[in-house]
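In: Everything below, folded, please.
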Amino acid sequence: MAVNVFIDGQEGTTGLRILERFVGRDDINILRIDPELRKDPDERRKLIQASDFTILCLPDAASREAVELAGDASVRIIDASTAHRTNPQWAYGFPELSSEHRSKIETSSRVAVPGCYASGFNALAYPMIKSGLMPKDYPVQCFAVSGYSGGGKKMIAEVESPDSAAEVHSPRFYGLANNHKHLPEMQAISGLTVKPMFTPIVDDYYNGMVVCIPMQSSIAGKAVSPKEIHEMFSEHYKDCNFVKVMPLIEGDELTKLKISSNDLRDTNMMEIFVCGSEGQVLLCARLDNLGKGASGAAVQCLNIMMGVSETTGLL
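Out: Take a look at the predicted model:
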């Protein structure tokens with residue numbers, strides 16, 4: 001029997017990608033809102049309360065409003081905004097982080113989809129801290145590069161405009177005040193006791209990203225061996241469908257390695273790389289900012305909540 005799913009904000013980048021991932025599925029019935037009424041609270045309330053699952057692809061304020069519109073209805077909500085990611089009453093939608101995360105997604109009526117940068121960051125930092133290989137008070141420096149689709153419709157239009165400025169087509173640093181909207185969940189979910197320093201970069205390609213965390217023994221106060229870290233990640237993510245730990249490459253082979261940012265575009269995959277030598281290690285997570293970092297993660301969570309294979313409709 002098909003479940004009724006309403007996407008509140010289905011005309012946005014994430015909403016459209018989710019609809020694409022639903023094509024061909026006979027276990028989902030999409031409830032659609034009249035485009036002229038997409039901001040009408042009464043119409044939204046009616047569709048939210050009529051659905052089995054509502055997926056929110058909205059700005060934070062509108063997402064909070066949508067949760068209020070649900071009232072006492074039995075609808076289960078999956079929120080792709082930043083509004084509820086650090087709320088302990090909501091499940092954090094990254095099932096591979098731990099069995100506890102997966103179990104909470106399975107049973108919760110409220111699930112917050114991780115941010116794209118935060119997905120890569122927490123995929124690296126959470127296991128490092130949980131295993132004890134990284135101290136909770138380690139002064140984490142993180143840098144990342146993403147395609148411009150992560151900036152939403154406004155940035156997409158800016159980059160793709162025939163009148164765009166030349167600088168739009170170069171890598172651009174932003175969030176230089178260390179105030180990126182993903183930082184609260186990066187710290188809260190990873191278990192860090194200090195706010196990480198995060199330097200994001202947006203570049204002139206559509207989708208895909210790499211998130212990196214360097215670590216040094218001299219700062220950590222303990223030896224950090226690439227082999228030990230690689231073994232930890234391999235055990236942590238073993239048997240995962242969508243997170244793959246890449247082979248450890250050391251020595252001369254490491255000098256030849258290049259990690260491009262968009263190899264996983266249009267998939268729900270994430271790849272973990274452990275690079276470096278004794279005393280200095282670079283951890284990298286590669287994913288699609290519109291896949292495992294947004295729409296793919298939302299669909300994966302929906303599948304888990306529905307009790308079907310998490311891989312349904314996903315690559």
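In: Going by C-alpha atoms from here, please, whenever you check contacts or count neighbours.
Out: Will do.
In: residues near residue 80, how many?
Out: Neighbourhood size, residue 80 [other CA atoms under 10 Å]: 28.
In: and it, what does it touch?
Out: 55, 56, 57, 58, 112, 113, 114, 115, 294, 298 (CA atoms under 8 Å, 6 or more residues apart in numbering).
In: Which among these count as buried?
Out: 55, 56, 57, 58, 112, 113, 114, 115, 294, 298 (16 or more other CA atoms under 10 Å).
In: how about these in CSV, adding distance to residue 178 and pLDDT?
Out: Below are the buried ones among the contacts of residue 80 laid out as CSV (distance: CA to CA, whole Å; pLDDT from 0 to 100):
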residue, distance to residue 178, pLDDT
55, 29, 98
56, 27, 97
57, 25, 96
58, 24, 95
112, 23, 98
113, 22, 97
114, 19, 96
115, 16, 95
294, 22, 93
298, 27, 97
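In: show me where the stretch 51-200 of the chain has helices.
Out: 60-70, 99-107, 116-131, 152-160, 183-190 (DSSP state H, counting those that start in this stretch).
In: If I average pLDDT within each of these, which one is lowest?
Out: Lowest mean pLDDT within the helices of the stretch 51-200 of the chain: helix 152-160, at a mean of 86.
In: related to what we said a few turns ago, quick check, nearest of the contacts of residue 80 to residue 75?
Out: The closest of those to residue 75 turns out to be residue 55 (CA to CA; 10.3 Å).
In: where's that closest one relative to residue 133, distance?
Out: 36 Å (CA to CA, to the nearest Å).
In: quick one: buried residues of stretch 30-48?
Out: 30, 33, 38, 44, 45, 47, 48.
In: Looking at these, which are in strands?
Out: residue 30 (DSSP state E).
In: May I ask which of the buried residues of stretch 30-48 comes out lowest in pLDDT?
Out: Scoring the buried residues of stretch 30-48 by pLDDT puts residue 38 last, at 89.
In: For the closest residue to it other than its chain neighbours, give its distance to residue 16.
Out: Counting by CA to CA, 6 or more residues apart in numbering, residue 38 lies nearest to residue 44, which is 7.0 Å off, once chain neighbours are set aside. The gap separating residue 44 from residue 16 is 18 Å, by CA to CA.
In: what's the closest non-adjacent residue to residue 281?
Out: residue 215 (5.3 Å).
In: Wait, a strand at that neighbour?
Out: Yes. Under DSSP: H, G, I helix; E, B strand; the rest coil, residue 215 sits within a strand.
In: Isn't it up against residue 284?
Out: No. Counting by CA atoms under 8 Å, residue 215 stays clear of residue 284, with 11.3 Å between them.
In: What is the neighbour count of residue 89?
Out: 13.
In: which residues touch the residue lying closest to it once chain neighbours are set aside?
Out: Nearest-residue entry for residue 89: residue 110, 7.8 Å, with adjacent residues in sequence omitted and distances by CA to CA, 6+ apart. Taking CA under 8 Å, 6+ apart as the criterion, residue 110 is in contact with 76, 77, 78, 79, 89, 90, 91.
In: how about 6 Å then?
Out: Residue 110 sits next to 76, 77, 90 when contact means CA atoms under 6 Å, 6 or more residues apart in numbering.
In: Kindly indicate which of the residues you listed lies nearest residue 83.
Out: residue 90 (10.5 Å).
In: okay, the helices of the stretch 51-200 of the chain, which one's buried deepest?
Out: helix 116-131 (a mean of 23; mean count of other CA atoms under 10 Å).
In: How far off centre is that helix?
Out: 11 Å (CA atoms, centre = their mean, to the nearest Å).
In: Run through who's touching that helix.
Out: Under CA under 6 Å, 6+ apart, the answer for helix 116-131 is 134, 182, 186, 190, 211, 285, 289, 293.
In: please redo it, this time with the cut-off set to 7 Å
Out: With contact meaning CA atoms under 7 Å, 6 or more residues apart in numbering, helix 116-131 is reached by 97, 134-136, 182, 185-186, 189-191, 211, 283, 285, 289, 293-294.
In: same check, this time on stretch 266-281
Out: Outside stretch 266-281, the residues that reach it (CA under 7 Å, 6+ apart) are 214-217, 223-226, 230, 242-246, 248-249, 282-288, 291-292, 296, 314-315.
In: And the contacts of residue 80, which is closest to residue 172?
Out: Distances from residue 172 to these, taken by CA to CA, are shortest for residue 115, at 19.5 Å.
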